[in-house]
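A.B. asks: sharing a sequence plus its predicted fold:
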Amino acid sequence: MPMSQPILELRDLKVSVVSGQSETPIIKGVSLIIRPGEVHALMGPNGSGKSTLAGAVAGNPTYRVSGGQVLFKGEDVTALSADKRARLGMFLSFQYPTAIPGVTMVNFLREALKARRGAEVPAREFLQELRATLKLLKMDEEFARRYVNDGFSGGEKKRAEILQLGMLKPELAMLDETDSGLDVDALRTVAEGVETLRTPQMGVLIITHYQRILNYITPDFVHVLVGGRIVRSGDAALARSIEAEGYDPILKQLGILEGVAS
């Protein structure tokens, strides 16, 4: 049986951060394939380029692709803007979600869904979908009436992003340090939400510094990013090894005894 077409394919991707007239190389040649239904975890020490890679894949203009390609569902999207990639079915959760006082989650989600589908969603249909998604995620309807991330706890901000994931139904979900700042209960709640929303058509990329979220979402593949390059790949056992021993054994094998090249 032929293998399914990749949701995401990175071909020797190189990315620089643009600041004024200068550029700093961060991603120095990453190749990666994510197929429908697969969960990939991208791990690495602080400063290794994990969030930069996710931002570049999503089309963040702060980053410049200086080499290689980003293919999404077989289409070269390297030159596409972030909004066009999102409409095609990419989703990126943020490590530090922004508050939007005065804009309710309901209105925010309806506009996001309109942009995703390219047409206005009838109010009745939208509310039915919203209530069904809230019920699926075991969230109270009152949550959707609050202003986006305004006064939210760390756990609530991450749950808001999982709600967005459930409404937008992307083919690629990139979760950038979703476990950051969460206590054990909040982490379990967010992880259960991701597991609930997973489908055989969706590819998932979990970006994390620690292994703990992978106790709740078992990855099919684990990749270690150091100095802008993937230096190790394996299965969930690789994440458990990092949890037990840290990154030092890998860094020592690479000849990096102190710090990580950015």
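C.D. replies: Nice, I can see it.
A.B. asks: and what about the residue sitting nearest the centre point of the chain, helix, strand or coil?
C.D. replies: Against the mean C-alpha coordinate of the chain, by Cα atoms, centre = their mean, the closest residue is Met174 at 1.8 Å. The local conformation at Met174, judged by DSSP: H, G, I helix; E, B strand; the rest coil, is strand.
A.B. asks: and if you look at the one 5 residues further on?
C.D. replies: What three-state DSSP gives for Asp179 is coil.
A.B. asks: and the pLDDT for the closest residue to it other than its chain neighbours?
C.D. replies: With Cβ to Cβ, 6 or more residues apart in numbering as the criterion, Asp179 has its nearest non-adjacent residue at 4.1 Å, and that residue is Ile213. No exception for glycine: its C-beta is placed from N, CA and C like everyone else's. Note on Ile213: pLDDT of 87.
A.B. asks: before we move on, what about Gly59?
C.D. replies: Reading off the model, Gly59 has pLDDT 96.
A.B. asks: ditto for the one 4 residues further on
C.D. replies: On the pLDDT scale, Tyr63 is placed at 93.
A.B. asks: backbone dihedrals for the residue nearest to it when sequence neighbours are not counted, please?
C.D. replies: Closest residue to Tyr63 apart from its sequence neighbours, by Cβ to Cβ, 6+ apart: Ala56 at 4.3 Å. Dihedral pair for Ala56: phi -70, psi -40, per degrees, to the nearest 10.
A.B. asks: ends of stretch 37-53, how far apart?
C.D. replies: End-to-end distance for stretch 37-53: 21 Å, by Cα to Cα, to the nearest Å.
A.B. asks: follow-up on the earlier one: shouldn't the residue nearest to the centre of the chain be in contact with Ala54?
C.D. replies: Yes - using Cβ atoms under 8 Å, Met174 is in contact with Ala54, at 5.0 Å.
A.B. asks: now do the shared contacts for these two.
C.D. replies: Taking Cβ atoms under 8 Å, 6 or more residues apart in numbering as the criterion, Met174 and Ala54 both touch Leu92, Leu205, Ile207.
A.B. asks: about what we covered before: I'd say the residue nearest to Tyr63 and Gly68 touch.
C.D. replies: No - judged on Cβ under 8 Å, Ala56 makes no contact with Gly68 at a distance of 9.9 Å.
A.B. asks: part of a strand, is the residue nearest to Asp179?
C.D. replies: No - using three-state DSSP, the assignment for Ile213 is helix, not a strand.
A.B. asks: so how many other residues sit close to it?
C.D. replies: Here the number of neighbours of Ile213 (other Cβ atoms under 10 Å) works out to 25.
A.B. asks: dump the residue contacts of it.
C.D. replies: Here Ile213 is in contact with Thr178, Asp179, Leu187, Val190, Ala191, Ile206 (criterion: Cβ under 8 Å, 6+ apart).
A.B. asks: packing partners of the helix or strand harbouring the fifth one?
C.D. replies: Under the criterion DSSP states H and E, the helix or strand holding Ala191 is helix 184-197. Secondary-structure packing of helix 184-197 (3 or more Cβ pairs under 8 Å, 6 or more residues apart in numbering; DSSP states H and E): helix 154-168, strand 172-176.
A.B. asks: if we can go back for a sec, how close does the residue nearest to Asp179 sit to Arg240?
C.D. replies: Using Cβ to Cβ, to the nearest Å, we find Ile213 at a distance of 13 Å from Arg240.
A.B. asks: since that was my last question, I'll sign off now.
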